[in-house]
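>>> sequence first, then the predicted structure:
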Amino acid sequence: MSTIEFNDALINLETYLRSFAFNFTKNEEDAKDLTQETMLKAITYRKQYTPKTNFKAWVFTIMRNLFINNYRRKVKAGTIFDNTKESYLLNLKTENHANPDNHMLGLELKNQLLNLEKEYKQPFDMHFEGYKYQEIADQLNIPIGTVKSRIHIARQKLLAKLPDYNQN
């Protein structure tokens, strides 16, 4: 496929790309940006396209991957746009963890954790520290189902002892 044929095929897909992008973004401006970014990437990696294969699918896959990567980047950064008229930039990580209520909850939670039976406390603590279920099961030499069950029971016991903090 020559450069002119490639560019013509890409330009002919532009309206379809914008429509597809709008399904992802739900915002006209973001859809235009995603479309433009997709077309630029397609042109940049034109040599990666295999002639006589589905060109439309290739370009749409580029768009889907761009959207997914951008979404992951935004989530990792902890920022999102709220898409209202004002388009506020929301930072999801700006919670104030040092407020008195959180401090009191932390103290009460630590106190109640100390009172949990060892069979529930140990798996719960390990899970809270970031261990995966299988790692906990291997280390404690118990089945993975037992680990899940004990963590669930520990949560239920803590919620019962801290009814003021139950968010359900």
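It's in. Residues are numbered from 1 along each chain as shown.
>>> quick one, what contacts residue 13?
Contacts of residue 13 were listed using C-beta atoms under 8 Å, 6 or more residues apart in numbering, and they are 55-56, 59. The C-beta positions use only the backbone N, C-alpha and C, and glycine is treated the same way.
>>> are any of those residues buried, and which?
Buried members of the contacts of residue 13, counted by 16 or more other C-beta atoms under 10 Å: 55, 59.
>>> helices and strands of the chain: which one bottoms out on pLDDT?
Of all helical and strand segments in the chain, the minimum by mean pLDDT, DSSP states H and E falls on strand 89-91, at a mean of 45.
>>> that older thread, can you lay out the contacts of residue 13 as TSV showing pLDDT?
Listed next are the contacts of residue 13 as TSV, based on pLDDT from 0 to 100:
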residue	pLDDT
55	90
56	92
59	92
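>>> this protein: strands as residue ranges?
79-81, 89-91 (DSSP state E).
>>> longest single helix anywhere in the chain?
The longest helix of the chain (DSSP state H) is helix 55-77.
>>> okay, it in PDB with CA atoms only?
The C-alpha atoms that make up helix 55-77 are tabulated as PDB, following Å, rounded to 0.1, in the frame of the first residue of the first chain:
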ATOM      1  CA  PHE A  55      -7.000  -1.900   7.700                       C
ATOM      2  CA  LYS A  56     -10.000  -0.700   9.600                       C
ATOM      3  CA  ALA A  57      -9.500  -3.300  12.400                       C
ATOM      4  CA  TRP A  58      -5.900  -2.300  12.600                       C
ATOM      5  CA  VAL A  59      -6.700   1.400  13.100                       C
ATOM      6  CA  PHE A  60      -9.500   0.700  15.500                       C
ATOM      7  CA  THR A  61      -7.200  -1.500  17.600                       C
ATOM      8  CA  ILE A  62      -4.800   1.300  17.800                       C
ATOM      9  CA  MET A  63      -7.500   3.600  19.100                       C
ATOM     10  CA  ARG A  64      -8.700   1.000  21.700                       C
ATOM     11  CA  ASN A  65      -5.200   0.500  22.900                       C
ATOM     12  CA  LEU A  66      -4.600   4.300  23.100                       C
ATOM     13  CA  PHE A  67      -7.700   4.800  25.100                       C
ATOM     14  CA  ILE A  68      -6.900   1.900  27.500                       C
ATOM     15  CA  ASN A  69      -3.300   3.200  28.100                       C
ATOM     16  CA  ASN A  70      -4.500   6.800  28.600                       C
ATOM     17  CA  TYR A  71      -7.200   5.600  31.100                       C
ATOM     18  CA  ARG A  72      -4.700   3.500  33.000                       C
ATOM     19  CA  ARG A  73      -2.300   6.500  33.100                       C
ATOM     20  CA  LYS A  74      -5.000   8.800  34.500                       C
ATOM     21  CA  VAL A  75      -6.000   6.200  37.100                       C
ATOM     22  CA  LYS A  76      -2.400   5.700  38.200                       C
ATOM     23  CA  ALA A  77      -1.900   9.500  38.500                       C
END
